[in-house]
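Asker: Could you look at this predicted model? Sequence included:
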Amino acid sequence: MKRILYVEDNEDTANAVRIILTTAGFEVETAGTGEEGLKKAQATQHDLILLDVMLPDMSGWDIFGKLKGKLKAKYVFLSAIPVSQERLQQLLQEGVSDYITKPFAKADLIIRVQHILA
Amino acid sequence: MNIRQKILVSLLGIYLVFLILVFFTFSFVLLKDYSKQDQFAMNKSINRVVDALAFQQEVIGNSVLDYAVWDDTYAFVQGKDDTYLDVGFTPDAFGRLDIDFALFTNASTVVYARLITPTGEIPAENIIDDWYGLGFSQENMTDAGYTGIIVVQDMSLLVTIHIIKTSDETASAGLLCFGKRIDSLLAEQLSARTHVPITFTNVYAQNVERTITTRDDTIIGGQTVRVVVMLLFIICSLFFIGGSYVLIDKVIIARLMNVASALQKKRELTDTGDDEIAYLVRVIKDSIVNAENIARLQHEVFEAIPDTFVLVSSDQKIVDYKSTNSCFHIEKGKHVKDCFTADLSDVLLQSMMDAQVQKKLVKTEVQCSACKKYSELCVTCVEKDMLIIIRDLTEKKQSELHLLSQTHELEASRKAAQNILEDIMEMNKHLQDLDQAKTDFLNVASHELKTPLTAISAYLEILDDYKADFSAIQLEGLGAIKRNISQLKTIINNILEVSRMESGRFELSFKDMNVKEKIQNIVDNLSILGESKGIKLLANVEEGIPLIKTDEMRFEEILNNLIGNAIKFTKQGSITVKAMRDGQFLKVSVIDTGIGIPEDKIKNLFQKFYQVDASLSRKYGGTGLGLSITKKIIQLQGGTITVESIVGKGTTFTFTLPLEGKP
């Protein structure tokens, strides 16, 4: 079973995603701050790390920067702020697997995660 | 030295040289020849004389021999013949033998002696005395005899002496001597014979000139010829010199002098012809014409320039002028200071001095106290004269003042503009700050609004899975929440989108899109919505529309918005989405059978926040942002949107998008 880490400071959103993805057949762990996220990411091996961009102590980019290349996991960003095509291409080249805008549709999220972890 | 003199001297020189050459050639070459010839002639003459003399002697010799070997003579001298002088040797024998002297001797005495002279005969005693003095004797006489010259009685005689001996006898009986006088007669005879002038002179006589002079007729002749040739040559030379001189003078020099004098006296040049001088004359004529043209041009230039020109001589009198100012009273010959007002002439004279000293153009500005006009004086030296140019500066001064005031105005305007610019830049900065603030706000607002929305949406979807276990009230509640959350989402998106569009942060991504597929897709999605109201949703897409390059998402938004509105405002009937190709554009129409829009409301339709009927929005929902966003999206791509409506019958929204997508 694939393991997913979701770093998100909004508890409700984090829980909702956990329920959705668990129902879809993944093992999900959540972290409420950047620090916690880093710790958990390095403590256990995950297949996918979902990163909310705006966190209280640091940004999702920072986490990505710190973890990139060190872990086997794939990285996906979640943000309420949309991103341009160019920026998206840039991110893909830098090693980001996807960028999902909030609010997302349940089905959409599941399909994308499945696609990445396939 | 002029050309004529030069030519003369040259020619004389040449001919003089020739003369000398000829003379020397003659002297050293020809005369030598002559001298040789002379010598030759002389030698011939001498030979002739010698031959003549020898002949004479031979004649005498033969005679002597004849008589010397005659028996009778032998007998005579021995005294044995008495008739000899009457028969053998008569006095006419002298004439016959052509002798002047005869002498017979025997062994001891002179038997006979006779000497004929032009003046008579010489007594025999005298002859015999002289004979004995000579010393001839039988004993010392050879058989050959003696031929030579003896002197008897102071007369030179050409003689031959022979022993008298016959062939019979062995001993000689005596001597026989015949001779001829060597005197002028003989000389004459010989001369006549030899054609050589001969004189006989006794070299032993006293007062004889020992020097020998020769007469060289040939040389003299040659010398004469030489003189003749020289004279001839001189005469010819003189002719040549004269002729050359005249020729050159006529052909060249006289013509040149004519040309010069014509030029000097300013007469017409009339030399014509085809030779070099005619060519020169033509060239001169052309130069003159050119110079005249230049002078004319200069004059016209002077006249054309609206300044006063004055040419002043070294004694400061006017030589020539052109005046354009009535204040000046300039006349030829007047002194410079009398032509102008006092102040002007002072400055002028000063400038003139300066120009002379500095040797360059001197410029000064001066104002005439009389007419108040400003003038610029330019003074310069031209050869020994001075050129003064007086230019009126009044206009210039006026425009200078004008320019100055304009410059001041301009400066003031510039300063004002500068201030405005600074204000604008400040405002711009302020706007930029505002813009930045807006962007920041948007991002924050985006995030802030959407964060709770995310949680709500997610849980709503989760709850959806548990719908089966819900009660009626719970289902209704869930439905209501879902609908309203959806509305909220739309409203938030619209607000954010409008804000973004306003600040230019609006991006379109163009990709090829299949029109038929897309429209069918959208119609299918929304047909559920329509069905719930009993309205039919239809798609009517023309066949063969090519792929359109457009932003797919925005196209969806547009259609969603238009179809959404149509559904909202139609109670019954149908909504048709029609699509066709119109040249370079795709034309899409959303046709409904709804309540329609009154005409006076149509013009405001696409404004932000405009609601046709506020009450309707409350009923049907909507912020009124949809159409303005839709219009903006269409226009940004280079398309248009229009609306037609009849109240009670229906509304048709039509929009176009370029097939090639304008980026």
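Answerer: Alright, I've got the coordinates. Residues are numbered from 1 along each chain as shown, chains lettered A, B, ... in the order given.
Asker: Next secondary structure after the lowest-mean-pLDDT helix or strand in chain A?
Answerer: Counting by mean pLDDT, DSSP states H and E, chain A has its least confident helix or strand at helix A:85-94, which shows a mean of 88. Once helix A:85-94 ends, the next helix or strand along the chain (criterion: DSSP states H and E) is strand A:96-101.
Asker: buried sites along stretch A:81-89?
Answerer: A:Ile81 (16 or more other CB atoms under 10 Å in any protein chain shown). No exception for glycine: its C-beta is placed from N, CA and C like everyone else's.
Asker: For the residue in the stretch 151-300 of chain B that chain A sits nearest to, give its distance to B:Glu303.
Answerer: Nearest to chain A, among the residues of the stretch 151-300 of chain B, is B:Leu297, at 74.7 Å (CB to the nearest CB). According to CB to CB, to the nearest Å, B:Leu297 stands 11 Å off from B:Glu303.
Asker: Same check on B:Lys360?
Answerer: Taken as CB to CB, the span from B:Lys360 to B:Glu303 is 26 Å.
Asker: Can you get me a residue count around the residue lying closest to B:Tyr15 once chain neighbours are set aside?
Answerer: Once flanking residues are discounted, B:Tyr15 sits nearest to B:Ser237: 3.8 Å by CB to CB, 6 or more residues apart in numbering or on different chains. With neighbours defined by other CB atoms under 10 Å in any protein chain shown, the count for B:Ser237 comes to 17.
Asker: In terms of helices and strands, where is B:Ser237?
Answerer: helix B:217-248.
Asker: what pLDDT, on average, does that helix get?
Answerer: Averaged across helix B:217-248, the pLDDT comes to 83.
Asker: Spatially, what comes nearest to the residue of the stretch 501-650 of chain B found nearest chain A if we skip its sequence neighbours?
Answerer: In the stretch 501-650 of chain B, the residue that lies nearest chain A is B:Ser509 (5.0 Å; CB to the nearest CB). In space, and not counting its chain neighbours, B:Ser509 is closest to A:Gln85: 5.0 Å by CB to CB, 6+ apart.
Asker: Could you double-check that that neighbour lies in contact with B:Leu508?
Answerer: No. A:Gln85 is beyond contact range of B:Leu508, at 9.9 Å (criterion: CB atoms under 8 Å).
Asker: residue with max distance from the center of chain A?
Answerer: Relative to the centre of chain A, the most outlying C-alpha is that of A:Glu86, 20.4 Å out, by CA atoms, centre = their mean.
Asker: Can you name the residues bridging to B:Lys511?
Answerer: B:Thr550 (DSSP bridges).
Asker: pLDDT score for it?
Answerer: 83.
Asker: Over to B:Thr623?
Answerer: In this prediction B:Thr623 is given a pLDDT of 52.
Asker: For chain B, which helix or strand comes out least confident on mean pLDDT?
Answerer: Per-SSE averages on chain B (mean pLDDT, DSSP H and E): minimum helix B:614-620, a mean of 51.
Asker: After it, which helix or strand is next?
Answerer: Helix B:614-620 is succeeded, C-terminally, by helix B:626-636 (DSSP H and E).
Asker: Give me the helices and strands touching that next one, please.
Answerer: Under the contact criterion of 3 or more CB pairs under 8 Å, 6 or more residues apart in numbering or on different chains; DSSP states H and E, helix B:626-636 touches helix B:472-502, helix B:552-568, strand B:641-646, strand B:650-658.
Asker: who touches it?
Answerer: For helix B:626-636, contacts defined as CB atoms under 8 Å, 6 or more residues apart in numbering or on different chains pick out B:494, B:497-498, B:501, B:506, B:508, B:551, B:554, B:557-558, B:561-562, B:564-565, B:605-610, B:640-641, B:655-657.
Asker: which residues of chain B score low on pLDDT?
Answerer: B:202, B:205-210, B:212-217, B:271, B:501-507, B:608-625, B:662-663 (pLDDT under 70).
Asker: Centroid-wise, who is the farthest residue in it?
Answerer: Farthest out in chain B is B:Lys80, which, by CA atoms, centre = their mean, sits 128.9 Å from the centre.
Asker: For that residue, give its distance to chain A.
Answerer: 190 Å (CB to the nearest CB, to the nearest Å).
Asker: host element of that residue?
Answerer: Short version, using DSSP H and E: B:Lys80 is in no helix or strand.
Asker: got the residues of chain B near chain A?
Answerer: Proximity of chain B to chain A, by CB under 8 Å from any CB of the partner chain, involves residues B:443, B:446-447, B:449-459, B:461-462, B:464-465, B:489, B:507, B:509.
Asker: For A:Glu94, give me its contacts.
Answerer: A:Lys68.
Asker: err, B:Asp82, not the other one
Answerer: B:Asp82 neighbours (CB under 8 Å, 6+ apart): none.
Asker: Is it located within a strand, as I assumed?
Answerer: No. Assigned with DSSP: H, G, I helix; E, B strand; the rest coil, B:Asp82 falls outside any strand and is coil.
Asker: next one: phi and psi at it?
Answerer: The phi/psi pair for B:Asp82 (degrees, to the nearest 10) reads phi -90, psi -20.
Asker: again, but for the one 5 residues further on
Answerer: B:Val87 has phi and psi values of phi -120, psi -60 when expressed as degrees, to the nearest 10.
Asker: how close does B:Val366 get to B:Thr341?
Answerer: B:Val366 is 10 Å from B:Thr341, by CB to CB.
Asker: So between the two, which is more surrounded?
Answerer: B:Val366 (20 against 16).
Asker: B:Lys649 contacts B:Gly596, correct?
Answerer: Yes. Between B:Lys649 and B:Gly596 there is a contact at 5.8 Å, judged by CB under 8 Å.
Asker: Neighbour count: these two, which is higher?
Answerer: B:Gly596 (18 against 12).
Asker: That one reaches B:Glu644, doesn't it?
Answerer: No. At 9.8 Å, B:Gly596 does not count as touching B:Glu644 under the criterion of CB under 8 Å.
Asker: if we can go back for a sec, buried residues in the helix holding B:Ser237?
Answerer: For helix B:217-248, using 16+ other CB under 10 Å, the buried residues are B:218-219, B:222, B:226, B:233, B:237, B:241, B:244-245, B:248.
Asker: Which parts of chain A are helices?
Answerer: A:11-23, A:34-43, A:60-67, A:85-94, A:106-117 (DSSP state H).
Asker: The second one vs helix A:60-67, what angle?
Answerer: Relative orientation of helix A:34-43 versus helix A:60-67 (axes from the mean of the first three to the mean of the last three CA atoms, to 10 degrees): 30 degrees.
Asker: Contacts (any at all) between chain B and helix A:34-43?
Answerer: No. Helix A:34-43 lies apart from chain B when judged by CB under 8 Å from any CB; the minimum separation is 16.0 Å.
Asker: For that helix, C-alpha coordinates in CSV please.
Answerer: Output of helix A:34-43 as CSV, limited to C-alpha atoms (Å, rounded to 0.1, in the frame of the first residue of the first chain):
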residue,chain,number,x,y,z
GLY,A,34,6.4,22.6,8.2
GLU,A,35,8.7,21.4,11.0
GLU,A,36,6.4,18.5,11.7
GLY,A,37,6.2,17.7,8.1
LEU,A,38,10.0,17.6,7.7
LYS,A,39,10.3,15.4,10.7
LYS,A,40,7.7,12.9,9.6
ALA,A,41,9.0,12.9,6.0
GLN,A,42,12.4,11.9,7.2
ALA,A,43,11.2,9.5,9.9
